[in-house]
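Peer 1: Quick one, fold the following:
(one chain, ligands or ions: 2)
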Amino acid sequence: MAKTVSQDVCYEPPAYALRVLETLEAAGFEAWIVGGWVRDALLGLPPHDVDICTSALWQQTEETLRAAGIRVEETGTKHGTVTAVVDDEPIEVTTYRVDGAYSDHRHPDEVRFVSDVREDLARRDFTINAMAYHPERGLLDPFGGREDLAVGVVRAVGDPTARFAEDALRVLRAVRFACRMGFAVEEKTHDALVAAAPGLADIAQERIGQEMNGIVGTGRVGWALRHEADVLCAAVPELSAMRGFDQHSSWHIYDVMEHTIHVCNAVECFTAGTASLRLRWAALLHDVGKPATFTMDALGRGHFYGHPVLSAEQTEFIMKRMGLPADLIRSTCTLVHYHDHIVRPTARSMRRTLAVMEESDPGNALSLAFELMEIKRADAVSKAPKCAWYAVELDEMDRILQAAGRKSMVLGVKDLAVDGNDVLEVMGGKPGPAIGRVLHQLLAAVVDGEVENTYGALREELWRSFLENE
Ligand code: ATP
Ligand code: MG
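Peer 2: Numbering: from 1, shown residues only. Ligands and ions are numbered 1, 2, ... in the order given. As a prediction, this is how the structure comes out:
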């Protein structure tokens, strides 16, 4: 995608960054702003955190800044980094450096401090990240990063094969930047990505999780699945089984991977790019368990009995392995588990759905129920054309859910107008699991619209069932 890129940055660096820059230069060192701030400022995107690099050794940086009354913390001195804090804003300041050999495909064995900023820029991953800016000296762009921003490509600095062999995480970083900015991956860089993708096996799962979360969070994971499937399948091996998996079903015109790509894209379409992270993850993984549940009947028709449950189990396993937050995992798994749950455009069906969501993920029922409708809508338009009518029915369900959301909702036993004491009073006996069972029966009756959620009606219902069971 071509971007408008100004000849210069669209805004000046913030005052607190200039203070650090000027203090270092007044002491005779050289300093530049580098990396993400320069890239985003050229595009006119919201300002990124400022990182500074300098010819000063970290001890000199510390001494110089402290002498000027600036607080400094030693956050990464092994790699030449300290963090200055000005007006409560932290800024990383790093000595110009080049990386030594990478024997583990991730961390340089050693770093070497250098005096030329160009050497520091050359060790950076992509041309768009390898530019430096100074308010007086302007833009320093030895690898054509500005041009690549304008054309919209992610291109490795130097020989892509060598760069990905040094650090395999760059493979996922390339895809994340391409997704975030809507860029393509330059051809040679792309070929090197594919060749280097197996190296992701050596990378810590938490780092893969962070990058994958970044990719999914851009809303362009559908693009990544289509154009960089080798990379995504190396990062999350469970995705591989979906590739080219024929569904042998008249309900599906796409294989499982192609269907998933359509669902990921449709979710963005239907939410105008505002989908939540959990909805995006659910779109990616909702059918991940399909290949393992496949059976074919005597007529040659494919079935995937139990796939939502298996997909939810695999989703939990994958996301836990990658160290993603527990609440994100719980909500994502709820959406995956219930994505095939039968819902109808009736108030009763919507109340039941809300109760199921509340049970599975307490406190999130209403927003999750809307998101469940989104994934179902995206799923419906990504099957065969004959399934698309269902998306229209889902619009009606949204309307009913909205109405339900405006009323005070009964989602769980805690919302009932009676509690365990009422059950004990009527039924006698001692506190225990039996009380909970009775309350759940009352809940089901209220959700189904058989009994009103009032103290009088529920006490009456308790007496009725007590006398009936006598
Ligand atoms: P964002 O923080 O928005 O993801 P960024 O460009 O700031 O983007 P960081 O990961 O914060 O990315 O890294 C800061 C800079 O350090 C990058 O712009 C890049 O120049 C360099 N860099 C970071 N990680 C690597 C890496 N694995 N290999 C080479 N250079 C890297
Ligand atoms: Mg950054």
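Peer 1: pLDDT below threshold where in the stretch 151-300 of the chain?
Peer 2: The stretch 151-300 of the chain contains no residues with pLDDT under 70.
Peer 1: quick one, strands of it?
Peer 2: 153-154, 184-185, 295-296 (DSSP state E, counting those that start in this stretch).
Peer 1: quick one: strands adjacent to the second one?
Peer 2: Partners of strand 184-185 in the sheet, by DSSP bridges, are strand 153-154 (parallel).
Peer 1: still on that earlier bit, need the strands of the stretch 151-300 of the chain in CSV (columns: mean neighbour count and distance to Glu62).
Peer 2: (Each C-beta comes from the backbone N, C-alpha and C, glycine too.) Converted to CSV, the strands of the stretch 151-300 of the chain look like this (neighbours: other CB atoms under 10 Å; distance: least, CB to CB, whole Å):
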stretch, mean neighbour count, distance to Glu62
strand 153-154, 24, 35
strand 184-185, 21, 39
strand 295-296, 10, 66
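Peer 1: mind putting those in TSV, distance to ligand 1 included?
Peer 2: Shown next, in TSV, are the strands of the stretch 151-300 of the chain (distance: least, CB to the nearest ligand atom, whole Å):
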stretch	distance to ligand 1
strand 153-154	12
strand 184-185	16
strand 295-296	44
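Peer 1: These into JSON lines, with extra columns for distance to Pro135?
Peer 2: Shown next, in JSON lines, are those (distance: least, CB to CB, whole Å):
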{"stretch": "strand 153-154", "distance to Pro135": "27"}
{"stretch": "strand 184-185", "distance to Pro135": "32"}
{"stretch": "strand 295-296", "distance to Pro135": "66"}
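Peer 1: quick one, which of the ones you listed is nearest to Phe177?
Peer 2: strand 153-154 (5.1 Å; CB to CB).
Peer 1: Quick one: residues in contact with the closest one.
Peer 2: Taking contacts as CB atoms under 8 Å, 6 or more residues apart in numbering, the residues outside strand 153-154 that touch it are 126, 128, 148, 174, 177-178, 181, 183-186, 189.
Peer 1: try 6 Å this time
Peer 2: 126, 174, 177-178, 183-186 (CB atoms under 6 Å, 6 or more residues apart in numbering).
Peer 1: Ala369 and ligand 1: what is the separation?
Peer 2: According to CB to the nearest ligand atom, to the nearest Å, Ala369 and ligand 1 sit 33 Å apart.
Peer 1: Same question for Arg344.
Peer 2: Distance from Arg344 to ligand 1, by CB to the nearest ligand atom: 44 Å.
Peer 1: So for that residue, what's the pLDDT?
Peer 2: Listed pLDDT for Arg344 reads 90.
Peer 1: Pretty sure it sits in a helix.
Peer 2: No: counting by DSSP: H, G, I helix; E, B strand; the rest coil, Arg344 is not found in a helix; it is coil.
Peer 1: and Gln314, what is it in contact with?
Peer 2: Gln314 neighbours (CB under 6 Å, 6+ apart): 238, 288-289.
Peer 1: Apologies, that question was intended for Val413.
Peer 2: Per CB under 6 Å, 6+ apart, neighbours of Val413: 439, 443.
Peer 1: With the one 10 residues further on instead?
Peer 2: Taking CB under 6 Å, 6+ apart, we find Val423 in contact with 435, 438.
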